[in-house]
Structures are given as C-alpha cells and as structure tokens.
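**Q** sequence and predicted structure, then a few things I'm wondering about:
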Amino acid sequence: MSRIDNPQHDQEVGSADATQDTTRIDDVRIGAVRPLISPALLLDELPVPPATQALVETSRAQIADVLKGRDDRLVAVVGPCSIHDHDQALEYARHLKRVADELKDDLLIVMRVYFEKPRTTVGWKGYINDPRLDGSFRINEGLRAARQLLLDINGLGLPTGTEFLDLLSPQYIADLVAWGAIGARTTESQSHRQLASGLSCPIGFKNGTDGGVQVAADAIVAARASHAFMGMTKMGLAAIFETRGNDDAHVILRGGKQGPNYDRASVDACCAALAKAELPQQVMIDCSHANSNKQHQRQIDVAHDIASQLAGGDRRIIGVMIESHLEEGRQDLTPGVPLKRGVSITDACLGWTQTEPVLDELAAAVRARRMG
C-alpha cells in the first residue's frame, strides 16, 4: 500500500530519500513571501525628468562645495520627522521652497523627506513599509508613493534629503536624493558604511546613541574607502558591487545619552577627533533628538546657539537639521481615530510658523560670519 503524501512537506515522486526535505530547517519563521517590484520597473514607470536630473546633480555639487569650503553657505536640512501623507508633505514643500528662494544666498535648503523610521522596539516603520498606516505593509505601493513624492518635491525646484535605513530601498529612490544620512543606530553598521561608500550623494553620519563621535569618524573613514559587497541590481538580481568610495561624508552631532553636543565645546571635541583621524574638521548639527532632549520647541534654543557660533566666525559648522511640519507637536497613530492635519505621527516637530524665524536667524548668522 502506497504511503499518503504529507502536504506540509515537499517530496518528489520516487523513493523516500530522493529529495531531501529541508522545510524543517529553512524559513521556519517566515509567514509569507510576496513579490517585490524591481527597481528598474519602478524607474521605468516613474522616470526622472531632465529638469529634476539637473536639480539633483547641481544640488549634490553645491553641497559638496560647502563640504570642500568652496561655498560659505549653511546646508539646512529641514522637514518632517517622517512622511506619512503625500499632500501634506507637498504643501510643506511649497512653504519651504518659498523660503529657500528668499534665503538662497545664505542657506542651501534641502527638504527632509524621511520614509523609513528606525524603531527602538516596535511601531510604525515608515511610509515605504506601511503607506496605508494600517499594518498592511503594502511595500510596493509605498515604494511607488515615495518615488512619486520625491519627483513632485524636486519638481518644485527643491532638493531632497533622506535617511538610508533599508539596504535595498536606495535602488528605488536614491537617484532623486541630493543628500543622505545614516542614523545613530546604524552608523556603526559595516553594511551601511559600505552602502555609503557607493551612494552618489553626500552623506552624513550621526554620532552614536551614546553621544560618542568616534564611531562617526570611523564611519567616514570607511565610507571614503572602496568596498565589495553583495546587493541587488536595478533589475532585481543579486550581484557583487564594487564601490569607489564617497569623499563627501561628514559628521552629524545629534546628542546622546550623556546629553546634548551642539555647543562650542562639543564642536571642538568633535573636530579634535576628526583631526586625529586626518579628516576635514566640519560638522552638521541636528537641532532635534538628544540635542533638544526630545522637546521639539527646544530646537529653537539649539538653533539660536548655533547661530551665535556662526556669527562668531565658526566655519566648521557646515549644516543644521531641523524637524518641522505644518503644525507643531506629534500625535499617536491610533486605529479608528482620525489624524490631525499636518502633525507628525513620529517625533514631535516645530510648526511652520515657528520654523521660518529660525531659518531667518540662521541666514543672518551666515551673513555675519561672511562679514566677520
């Protein structure tokens, strides 16, 4: 009598040992595998217009000029902690574009367009991972929405910046990004340092979550070197990538468990560590996160201190980051509860009416530095 086939295990017709059953040891914790669109298909669906290509290329070159000391403006990466709504992000971009044009002689403004949210434990992982905000994880939809938003913001003439968290997502959106960041939790990651070495845009490494800057300095050294690593091509195929290294890397001071590090003494200490590593002594300062003790309104005080350092002639500070949305504060993402318009669903942000005066003050400080 023939044996009844076990539907839970694969087995070819024939003897019991004709095909080894690996289902007992492979993917035992995978609940589902769904198809992922290839980067090439998405780029074909949503191509880069010539004007946007020119903007991205020019903006990257201008940021590199700031890093190389050929441009004395301040790079200002400004925008929501994370994107969760296309129309609201675009509305914010229109406000920021107006100010970017008004202050273009002093500030090189880049809109913060963050799609991936690193979590300490669990929570909403961002617009790419869960664009419907309901735990459905429509990642293909999220990739399309993210790329379309970048196209729309760049189409306004406003360059964009983002954090690179997932190692595959850059293949879908990195061609539209003028400046990128590696977060505090991933600055020490070898994979992210390798990724940065091959990215086409300038990149900022945040100091570690403990506030230490040495890991960021080490990351810059690593990113400037060439690497070989495994990845996915635009066609969606596994491949080995060999990079040339990224010379346009810098430190972002964001504070840490030991407290803020935006003051003059902290900038001195960071630059000393950079000099020891034979790296350019330049820093970007994040007004949020531990530098504001996670109190969004304190970003104004941090920016004021930075402006004082700039006006005093400090040329080592090459940029700032500000978390800002249409309205101030934050809100919880709660099923069945409508969201307030223009309010962050992750970290609390300044409102737009609070943001504009901060940018004006920073621009004035750059002018004072220039005249000093």
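**A** Arrived safely, thanks for sending. Numbering: from 1, shown residues only.
**Q** for the most centrally placed residue in the chain, give me the pLDDT.
**A** Closest to where the C-alpha atoms of the chain average out (CA atoms, centre = their mean) is residue 163, at 1.2 Å. The score at residue 163 is 98. That number is its pLDDT.
**Q** pull the number of nearby residues for the closest residue to it other than its chain neighbours.
**A** In space, and not counting its chain neighbours, residue 163 is closest to residue 181: 4.6 Å by CB to CB, 6 or more residues apart in numbering. For every residue, glycine as well, the C-beta is placed using N, CA and C. When neighbours are counted by other CB atoms under 10 Å, residue 181 registers 26.
**Q** who touches the closest residue in space to residue 328 that isn't next to it in sequence in this structure?
**A** Across the structure, with CB to CB, 6+ apart as the measure, the residue nearest residue 328 apart from its sequence neighbours is residue 351 (3.5 Å). Contact partners of residue 351, counting by CB atoms under 8 Å, 6 or more residues apart in numbering, are 324, 325, 326, 327, 328, 329.
**Q** could you measure from residue 351 over to residue 158?
**A** 19 Å (CB to CB, to the nearest Å).
**Q** which residue packs closest to residue 231, ignoring adjacent ones?
**A** Taking CB to CB, 6+ apart as the measure, residue 231 lies nearest to residue 241, with 4.9 Å between them; neighbours along the chain are not counted.
**Q** and the one you found, how many neighbours?
**A** Look at residue 241: counted by other CB under 10 Å, it has 15 neighbours.
**Q** make sure I have this right: it is in a strand.
**A** Yes: membership of residue 241 in a strand is supported by DSSP: H, G, I helix; E, B strand; the rest coil.
**Q** that one reaches residue 232, doesn't it?
**A** No: counting by CB atoms under 8 Å, residue 241 stays clear of residue 232, with 9.3 Å between them.
**Q** could I get stretch 88-102 in PDB with only the CA atoms?
**A** Output of stretch 88-102 as PDB, limited to C-alpha atoms (Å, rounded to 0.1, in the frame of the first residue of the first chain):
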ATOM      1  CA  GLN A  88       0.700  67.400   3.400                       C
ATOM      2  CA  ALA A  89       4.300  66.900   2.500                       C
ATOM      3  CA  LEU A  90       3.900  68.700  -0.700                       C
ATOM      4  CA  GLU A  91       2.100  71.600   1.000                       C
ATOM      5  CA  TYR A  92       5.000  71.800   3.400                       C
ATOM      6  CA  ALA A  93       7.500  71.700   0.400                       C
ATOM      7  CA  ARG A  94       5.800  74.700  -1.100                       C
ATOM      8  CA  HIS A  95       6.300  76.800   2.100                       C
ATOM      9  CA  LEU A  96       9.900  75.600   2.300                       C
ATOM     10  CA  LYS A  97      10.600  76.400  -1.400                       C
ATOM     11  CA  ARG A  98       9.500  80.000  -0.900                       C
ATOM     12  CA  VAL A  99      11.900  80.500   2.000                       C
ATOM     13  CA  ALA A 100      14.700  78.600   0.200                       C
ATOM     14  CA  ASP A 101      14.500  81.100  -2.700                       C
ATOM     15  CA  GLU A 102      14.400  84.100  -0.300                       C
END
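**Q** quick one: buried residues of that stretch?
**A** Along stretch 88-102, the positions that meet the burial threshold by neighbour count (16 or more other CB atoms under 10 Å) are 88, 89, 92, 93, 96, 97, 99, 100.
**Q** isn't the first one right up against residue 342?
**A** Yes: taking contact to mean CB under 8 Å, the distance of 5.4 Å between residue 88 and residue 342 places them in contact.
**Q** tell me, what's touching these two both at once?
**A** By the contact definition CB under 8 Å, 6+ apart, residue 88 and residue 342 are jointly contacted by 325, 326.
**Q** any idea which helix or strand carries residue 305?
**A** Remark: residue 305 resides in helix 298-311, with elements defined by DSSP states H and E.
**Q** show the end-to-end separation of stretch 345-357, please.
**A** Start and end residues of stretch 345-357 are separated by 24 Å (CA to CA, to the nearest Å).
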